[in-house]
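S.K.: Sequence and predicted structure, then a few things I'm wondering about:
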Amino acid sequence: MKLRMVFIGLLCLIIFSACNQGPQQKPSLPEGKIGVIFTLMEEDIAQIMKKTMEEEARKQNVVLAVVEMAPTQEELRQKVDEMLQEDIDAAIIQFGPGKGSREIATKIMEEGIKLISMGTMPEQVPLDGHVTPDFVRIGQLQGSFISTSLKQTQGEVVIYTFDTDAVAFAEMVDGAAAELEEAQIKYTVKYLSPDDIEGAADAIARDLSQNFNIIGAIFPSSLLALKGVEALDAVGRDPQVITLGLGANKDAAEAIKQGLHDGEVDYMPQMLARNAVIAAAQLIKNDQWDSDETLKNGNFDVPAAIIPVRLITQENTYLLDERLKLIEGQENSSSNQNNQGNPQSSGSGPMSLTIETKEGRQVQVQIPKPIANLEVGPKEDGEQTPLMLTIETVEGQTIEMEIPGEIVTLQLQQAEKE
């Protein structure tokens, strides 16, 4: 009885009365599990996408059972093999520019798992969905910015891209090249190994530090753009080479603010992540999803969502302020990233229950034993309020909490050890 009163007291102190919102539904179990693998070189952007996906997964009542990073093709193969050992219903994979994506994608789909690709689409695979930035527009923005910045300047622009058959990177190059040709600016396309990023960075550094005919450079990622900026700064090029990257990660944004780097195309990673989870959740629940359009992938038509992009320069870096704050928050609290959105737990120790109400209030309660069952319902039959949250532990203990407000989310995780 004392334990029950302690929990009731804790909640009553923090959760206040709310308007009657109708009969309260029991918190439902997750409707599916999703595996996610990123191949992003920019880890801070990947962490933001992960956080966005976790938030959207809770809204969609699904669970991110696997979230992994695989910067190389070999690591992607390994992570996919490990992911397939989990009981997942859908997979969201950010396929990189390396070769072998078709084989990996086919392996996932042969297991009966719904597959959403992000960014680069594996060729000749009947994907369940594809969520991607507008790569044609990315190239156009890069080429247009360089063209405008280099009017009547003698020299050539280098378009760096990955040596890959992926359509996305070909679209970027074509978009940039068309803008440069219209402005009658000379350009060359140089291909970099997608499986040797350090080698690619070295090749860029050699070009920019030794070829004084280069007046502009376009890069396929923030990381490689910054490698180019570092090389240019080391040799003190004057006049400076105009540089433009893709990704707008934290370091690239800082370089733009300091005037060391000219610009980045932001592919809106939070919007990309959110749409990918929505697509996967809808596929799990309905076997189809609300796509924007259909893209041809060889002999197959793939439902797709095209995410808009934007150009970031020194004049509008404020557009990234919210994201940069989130990145800093992720760096400061990276230990609490896992096991979110799962209303059950099989842990062996005390559990921490976080309750969020519709009014935006949040309370965290410590449960001494793992939870076996959790229900929300009227205090008495026929009554709508107050609501009772009933918790049964694995040892048979029952804890009841009287809640006058409306519960939005319930989140369980292993309690932190003191």
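M.R.: Yep, that arrived. Residues are numbered from 1 along each chain as shown.
S.K.: show me where the stretch 101-250 of the chain has strands.
M.R.: Secondary structure of the stretch 101-250 of the chain by DSSP state E, counting those that start in this stretch: the strands cover 114-118, 129-133, 156-162, 186-192, 214-218, 242-246.
S.K.: low-confidence ranges in the stretch 301-418 of the chain?
M.R.: Within the stretch 301-418 of the chain, the segments meeting pLDDT under 70 span 330-352, 356-364, 368-388, 392-397, 402-418.
S.K.: and the spatially closest residue to residue 60 that is not a sequence neighbour, how many neighbours?
M.R.: Nearest non-adjacent residue to residue 60, counting by Cβ to Cβ, 6 or more residues apart in numbering: residue 281, 3.7 Å away. C-betas here are computed from N, CA, C, even on glycine. Number of residues near residue 281 (other Cβ atoms under 10 Å) recorded here: 24.
S.K.: Would you mind getting the angle between the helix or strand containing residue 281 and strand 114-118?
M.R.: In the assignment (DSSP states H and E), residue 281 maps to helix 269-286. Angle, helix 269-286 to strand 114-118, by axes from the mean of the first three to the mean of the last three Cα atoms, to 10 degrees: 170 degrees.
S.K.: which outside residues touch helix 269-286?
M.R.: 31-32, 34, 45, 48-50, 52-53, 56-57, 60-62, 89-92, 114, 116, 118-119, 128-129, 131-133, 288-291, 305, 307-308, 323 (Cβ atoms under 8 Å, 6 or more residues apart in numbering).
S.K.: and if we set it to 7 Å?
M.R.: Outside helix 269-286, the residues that touch it by Cβ atoms under 7 Å, 6 or more residues apart in numbering are 31-32, 34, 45, 48-49, 52-53, 56-57, 60, 62, 89-90, 92, 114, 116, 118, 128-129, 131, 133, 288-290, 305, 307.
S.K.: Would you list the buried entries among those residues?
M.R.: Burial by neighbour count, judged by 16 or more other Cβ atoms under 10 Å, picks out 32, 34, 45, 48-49, 52-53, 56-57, 60, 62, 89-90, 92, 114, 116, 118, 128-129, 131, 133, 289, 305, 307 from those.
S.K.: Narrow these to those in strands?
M.R.: With DSSP state E as the criterion, strands contain 34, 90, 92, 114, 116, 118, 129, 131, 133, 305, 307 from among the buried ones among the contacts of helix 269-286.
S.K.: Is the last one bridged to anything, and to what?
M.R.: Read that as residue 307. Beta-bridge partners for residue 307, by DSSP bridges, are residue 133.
S.K.: Residue 130 is in contact with that one, correct?
M.R.: No - judged on Cβ atoms under 7 Å, residue 307 makes no contact with residue 130 at a distance of 10.9 Å.
S.K.: for residue 69, what are its contacts?
M.R.: Going by Cβ under 7 Å, 6+ apart, the list of residues near residue 69 reads 38, 46.
S.K.: And it, how close does it get to residue 230?
M.R.: From residue 69 across to residue 230, the span is 24 Å (Cβ to Cβ, to the nearest Å).
S.K.: Residue 35 too?
M.R.: According to Cβ to Cβ, residue 35 and residue 230 sit 36 Å apart.
S.K.: So those two - more neighbours on which side?
M.R.: Shown here are residue 35 and residue 230; by other Cβ under 10 Å, residue 35 has more neighbours (26 against 16).
S.K.: ok, how many other residues are close to the spatially closest residue to that one that is not a sequence neighbour?
M.R.: With sequence-adjacent residues excluded and distances taken as Cβ to Cβ, 6+ apart, residue 35 is closest to residue 66, at 3.8 Å. By other Cβ under 10 Å, the residues close to residue 66 number 20.
S.K.: Which per-residue confidence value corresponds to residue 66?
M.R.: pLDDT, residue 66: 91.
S.K.: Correct me if wrong: it contacts residue 50.
M.R.: No - in this structure, residue 66 is not within contact of residue 50 by Cβ under 7 Å, at 11.3 Å.
S.K.: and residue 255, which of the three is it?
M.R.: What DSSP: H, G, I helix; E, B strand; the rest coil gives for residue 255 is helix.
S.K.: repeat for residue 259
M.R.: Here residue 259 is recorded as coil under three-state DSSP.
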